[in-house]
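>>> I need the structure of the sequence given here:
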Amino acid sequence: MRKVTALLVGCLLVVSSAQAGRVDHVAVGHDKGVYQVAVSSWIALPQAELVELLTDYEKVSAANEAIKEVTILPSPAEGVTRLAATLEVCVWFYCKKLKQVQDMTLVSAGFLEAKMLPEQSDYKFGEASWHMIAEHEGTRLMFNVAVEPDFWVPPLIGPVVIKRKMREEAVETVEGIEALAQHDG
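You can find the predicted model right below:
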């Protein structure tokens with residue numbers, strides 16, 4: 001599924017400034033309709049700057065062309081940012097617009113999490129976490145996402161296609177965020 005990992009506003013957000021960051025590991029899984037992605041990357045950006053970029057939701061959405069629109073909605077609670085995003089997801093010649101509404105919470109200086117609101121989204125379930133740990137002269141970013149689409153996925157080929165696209169999108173999003181960081185740097 002084209003651009004599924006754009007989930008959660010830029011979903012797999014990784015950044016670099018002077019030196020290119022790197023994706024060290026991407027794992028994609030599927031179990032009972034839920035797709036998971038785990039990414040480990042090193043980013044040539046201090047942790048505080050990475051947090052600042054990842055929480056500038058409108059700006060960081062430019063890192064992935066699947067994200068067509070991001071709107072910041074009224075906050076449901078202190079410290080929570082509610083986002084609505086419209087994505088265009090394409091597989092081969094078929095494209096579908098998807099809606100996501102999620103609550104983003106900066107739990108600590110190095111931990112950001114997102115929980116999707118299924119009743120307002122085209123997903124039955126969705127959550128993600130970004131762990132940012134200072135490492136050498138940059139930051140180790142470990143990203144995990146789990147989503148369950150609320151639309152029909154062809155049973156035989158669907159999971160294979162979605163898993164492949166999620167892996168591709170992990171790397172593409174890293175490159176997009178690196179470009180944003182270099183533009184600002």
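>>> which residues of this protein fall in helices?
47-54, 57-60, 158-184 (DSSP state H).
>>> With mean neighbour count added, can I get the ones you listed in CSV?
C-beta here means a position set from N, CA and C on the backbone, and glycine is covered the same way. Shown next, in CSV, are the helices of the chain (neighbours: other Cβ atoms under 10 Å):
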stretch, mean neighbour count
helix 47-54, 20
helix 57-60, 16
helix 158-184, 19
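>>> longest strand in this structure, by residue count?
strand 94-108 (DSSP state E).
>>> Between helix 47-54 and the worst-scoring helix or strand of the chain on mean pLDDT, find me the angle.
The weakest-scoring helix or strand in the chain, judged by mean pLDDT, DSSP states H and E, is helix 158-184 (a mean of 72). In terms of direction (axes from the mean of the first three to the mean of the last three Cα atoms, to 10 degrees), helix 158-184 departs from helix 47-54 by 110 degrees.
>>> if we can go back for a sec, which one, of the helices of the chain, ends up nearest to Arg140?
Among the helices of the chain, the nearest to Arg140 by Cβ to Cβ is helix 47-54 (9.1 Å).
>>> Check which helices and strands that closest one is in contact with.
Judged by 3 or more Cβ pairs under 8 Å, 6 or more residues apart in numbering; DSSP states H and E, helix 47-54 is in contact with helix 57-60, strand 123-135, strand 138-149, helix 158-184.
>>> which one of these lies closest to Ala27?
Nearest of the helices and strands packed on helix 47-54 (Cβ to Cβ): helix 158-184, 8.6 Å.
>>> check contacts around Lys59.
Taking Cβ atoms under 8 Å, 6 or more residues apart in numbering, we find Lys59 in contact with Leu53, Leu180.
>>> so where's the chain uncertain?
Within the chain, the segments meeting pLDDT under 70 span 1-20, 156, 174, 177-179, 181-185.
>>> repeat that with 50
Applying pLDDT under 50 to the chain flags residues 1-18.
>>> Could you check how many residues crowd around Ala63?
27 (other Cβ atoms under 10 Å).
>>> Identify the residue nearest it in space, chain neighbours excluded?
Gly176 (3.3 Å; Cβ to Cβ, 6 or more residues apart in numbering).
>>> pretty sure that neighbour is touching Ser61, no?
No. At 9.7 Å, Gly176 and Ser61 do not qualify as touching, with contact defined as Cβ atoms under 8 Å.
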